[in-house]
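Trainee: from the sequence below, what's the structure:
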Amino acid sequence: MYSKGFVRMRNGRLICLIAVAGRCLLGHASATPEVTAVINSVGMKMVRIEPGWFLMGSEQGDWDEQPVHTVTISRPFRMAATEVTNKQYEMFDPAHRKLRGKHGFSMDDDEAVVFVSWQEAVRYCEWLSDREGRLYRLPTEAEWEYACRAGTSTAYSTGEVLADGYLKGSPTPPKNSIGDAPSLSVGQTPPNAWGLHDMHGNVEEWCADWYGPYQPSDCVDPIGYADGDFRVTRGGSHSTSPQYLRSANRLGTLPEERNWLIGFRVVRGDAPTSRAVPVSAVPLHQQSVKQGAPSDLTWGSDSSQPYFRGPREFVKIPDGCFGPLFSKHNHCPSIVECPNGDLLAVWYSCIGEGGREMTVLASRLRHGDEQWQPASLFWDAPDRNEHTSVVWSDCKGTLYHFNGLTPLHGSLALILRTSTNSGATWSKARILMPEHGQRKQVIPSVIQTYEGTLILPCDALHAGGVGGTAVHLSTDGGMTWTDSGLGQPTPRFEAGATGSWIAGIHAGVVQLRDGRLMALGREDNIDGRMPMSISVDGGRTWTYCPSPFPPIGGGKRLALLRLREGPILLASFANKMTIKDAVGQDHDVTGLFAALSFDEGRTWPARRLVTDGGPARTVGAVDNKPFTLSATSAEHRGYLAVWQACNGIVHLISSRQHYAFNLKWLKAQPEIE
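Mentor: Modelled structure (predicted):
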C-alpha cells in the first residue's frame, strides 16, 4: 500500500513524497533526511526543510481552517526532528526541573518539556541563538503546517487515518480530572518525509504567530497577525482526540499559559520578512459604541407604576451555524449595564459543554433600542473550553470580564479582562490563577462588599459528587485573589454545620446590612429545601441552614441581587408554588418566579411568576426548546443572571430570554383570571 504527495520547489521542480505502509519517504536522493540532518550543540537533530508551496487549511476541518489558500515557503530552514526535551530545556533553565512530574507528566530527560509559556520558549530560542551564533526561533504557523504535511494533502501526513501509536492518554478523562499521564518521550513515532517526529500528538507546539482568521488570498512566508489575544499552538497533544492532531488543525492559548499539554520545537534560519496582517475585524457588539453617559441614563419607567417588558430573545443565531457561532447549544449567560447605558450579555456557545469547540459570544442592547443585536464573537481561545463567563461593572466606569480557560472541562485557569469604554475595546486577558483545577468555574454573582472586597463565586464541584461554591476574594481591586477554602476539608452540608464553601453549586451571594454574607445555591439540599449559607467573616467560613424555597436541579441556576431600593431579590424556579392574585385568591403556578425579602432574608413575602400574564403561548427556552408562557406558567428551566440598571429597571436573563421589570411590579400581586 502506498500513496503519493508532492512539494513544489522554488525552482519549479516537484519532489514526489511516497508514503509506504504509513511511513513517508522523500523520493529525491539528494534531499533525504539522513543526508540533510545536522546535530547542534544541545543534541538536537536539525532537519533541512526545502522551500516549496502547499495548500494551507482544510475544507473538511473546523471553521477556522478556511479558506484553504496557497502558501509559498520561499526559503529553506532547519527544524528540530523532535520537540525540545527536559534535558535540553534545563540547560537553559535549570529551575524548570522542579516542574518535572507535575500532575505526573514529563519526568524523564528524553520526554518533551511541558509547563513552558510562549515567552519562555522564545527566551530559550534567544539563549540557543547566543550559544551557537545562529538564529533559532519558533516556527511560523505556515512553516509548521508545511513541515508537518511533508507534501501530503490528507488529514495526517500518514494518510486519512492516524495509527494508534500516535495517540497517547485518554481523550476523555473523568470530569474535573486531568487523567492518567502517558510517557512524553520524543521520537517514538515514525518520522514524516522530512524526517520529523511527533508532528501529530505527544505535545502541542508553540508557534510564533498571533492567532486570527485566515486571509482569502495566496501568500508568501506569512507571519500571522500584528497583535492578538492568543499565540498559535499546533500538532495536538497526548490525552486528545485524533481530530485535534490533524495537519491543518489550529489551536492556541494565552502566551503566558503553562500547562501539561504544551511544549515546543525550534527552527533555525532567518525569520520571514513578510508584513504582519493588521488587526481590523471588529465584532458587532464592539462596533460604533457610544461613549459617555446619556442624559436620560437614570430615567426609567414611572417608579410608582408597575413595569414589565419581555420576554425578548437576546440569543440570536441563525439555524445551522457551526462556528464560531453555534446554533446547537447556548447557555450560561451573564449581563451588565455599560457606563453608556447599553446592556451587554455574554454566554458560551458550543456543540457539547465539554467540547474544545466552545466559544464565548456577546450581544448588545443599545440604550434606547427595543431589540438585541445579533450575536457575535466575544472571546475564543482556539480549541479550548471557556467554561464559563461573567461580566460585571464596578459602576465607576470599568467593566470586568472573568472567564475560565481549559482544554478539558473542569480543569480551569481563571482569567480577567477589563474595559473602560463600555466594551468597545478590552484589555488583553490576564491569568489570575494560573494553576488549572477545580473551583474556577465563575458564576455571575460578583459583588463588592461595603468594605471594598471583591467577591467572585466559582463552582467547587468535586469529582466525588460533592458540590458547593468556592469564594475568591480580592482586596486590591482585582489585582490579586485568594481562595480561602482551597485545601480545606470537604464540608458537610447539613443544618447547623460550618464549612469553608457555600452549600450548593451556582450560588448567588449578597451582603446583608450587618456585614454578613448570605448565599443560596443549587443542590446540596438541606431538609428538602434550597440550601442557605451565612458567613460572618467575609466569606472565609459558612454556616448552613435550609431556605424557605424549593430546591432546583439540573439545567437551572438561580439569581440573587440586592436592589438599589434595599430589598433582596431572588429569581429561581418552582415545579409548583401557590401565590395569591390581586384579589387574594390562591393559584398554583409553575416555572420562573421572583421573590423579595424586606428583612435581610428572614422572610420573603412578595412572590410572583416572571411572566407578562398574557394568554398562553409557546416561547423558546434553552436551545429554543419550548415552554408555555401564561399567567400561571413561566419559563421552566435555564441559567439566570441579573443586573439592575441605573434607572432602577431590573434586567433578568435566562439562557435565551430577557425580562425587564421594576420594584413596583415585583411588589404588586398579579391579576390572574
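
Trainee: give me the below-cutoff pLDDT ranges for this protein.
Mentor: For the chain, the stretches flagged by pLDDT under 70 are 1-35, 174-176, 409, 462-466.

Trainee: ok, the residue nearest the centre of the chain - contacts?
Mentor: The chain has E386 as the residue nearest its centroid, 1.3 Å off, counting by CA atoms, centre = their mean. E386 sits next to Y348, M358, T359, V360, W379, D380, N403, G404, L405 when contact means CB atoms under 8 Å, 6 or more residues apart in numbering. Just so you know, the C-beta spots here come from the backbone N, C-alpha and C atoms, and that holds for glycine as well.

Trainee: now with 6 Å, please.
Mentor: Shown in contact with E386 (CB atoms under 6 Å, 6 or more residues apart in numbering): M358, V360, N403.

Trainee: report how many residues lie close to the closest residue to it other than its chain neighbours.
Mentor: Excluding its sequence neighbours, the residue lying closest to E386 (CB to CB, 6 or more residues apart in numbering) is V360, at 5.1 Å. Neighbourhood size, V360 [other CB atoms under 10 Å]: 23.

Trainee: hang on, V360 packs against V390?
Mentor: No. Between V360 and V390 there is no contact under CB atoms under 6 Å: 10.6 Å.

Trainee: that older thread, mind checking which helix or strand the residue nearest to E386 is in?
Mentor: When secondary structure is defined by DSSP states H and E, V360 falls within strand 359-365.

Trainee: direction included, what does that strand pair up with?
Mentor: Applying DSSP bridges, strand 359-365 is found paired with strand 343-350 (antiparallel), strand 376-379 (antiparallel).

Trainee: deepest of those, which one?
Mentor: Sort the strands paired with strand 359-365 by mean neighbour count, taking mean count of other CB atoms under 10 Å, and strand 343-350 sits at the top with a mean of 25.

Trainee: which residue ranges make up each domain of the chain?
Mentor: 36-268, 328-439 (automatic domain parsing).

Trainee: measure the last one end to end?
Mentor: The reference is to domain 328-439. Distance across domain 328-439, first residue to last, is 27 Å (CA to CA, to the nearest Å).

Trainee: just give me how far that domain sits from the chain centre.
Mentor: On the basis of CA atoms, centre = their mean, to the nearest Å, domain 328-439 is displaced by 8 Å from the centre of the chain it belongs to.

Trainee: ditto for stretch 248-256
Mentor: Distance, stretch centre to chain centre, for stretch 248-256: 13 Å (CA atoms, centre = their mean).

Trainee: burial of T359, as a residue count?
Mentor: Count around T359 with other CB under 10 Å applied: 22.

Trainee: would you quantify the distance from it to P283?
Mentor: For T359, the distance to P283 equals 11 Å [CB to CB, to the nearest Å].

Trainee: likewise for Y307?
Mentor: Y307 is 31 Å from P283, by CB to CB.

Trainee: A470: what secondary structure?
Mentor: strand (DSSP: H, G, I helix; E, B strand; the rest coil).

Trainee: who's in contact with it?
Mentor: Contact analysis of A470 by CB under 6 Å, 6+ apart lists R439, C458, A460, D483, G485, W501.

Trainee: who does the helix or strand that contains the second one pair up with?
Mentor: For C458, the element it lies in under DSSP H and E is strand 454-459. Strand 454-459 sits in its sheet next to strand 441-442 (antiparallel), strand 447-448 (antiparallel), strand 469-474 (antiparallel), going by DSSP bridges.

Trainee: which of those is buried the deepest?
Mentor: It is strand 441-442: most buried of the strands paired with strand 454-459 by mean count of other CB under 10 Å, with a mean of 26.

Trainee: excluding chain neighbours, what is closest to A606?
Mentor: Distances taken as CB to CB, 6+ apart place L596 nearest to A606, at 4.0 Å, with adjacent residues excluded.
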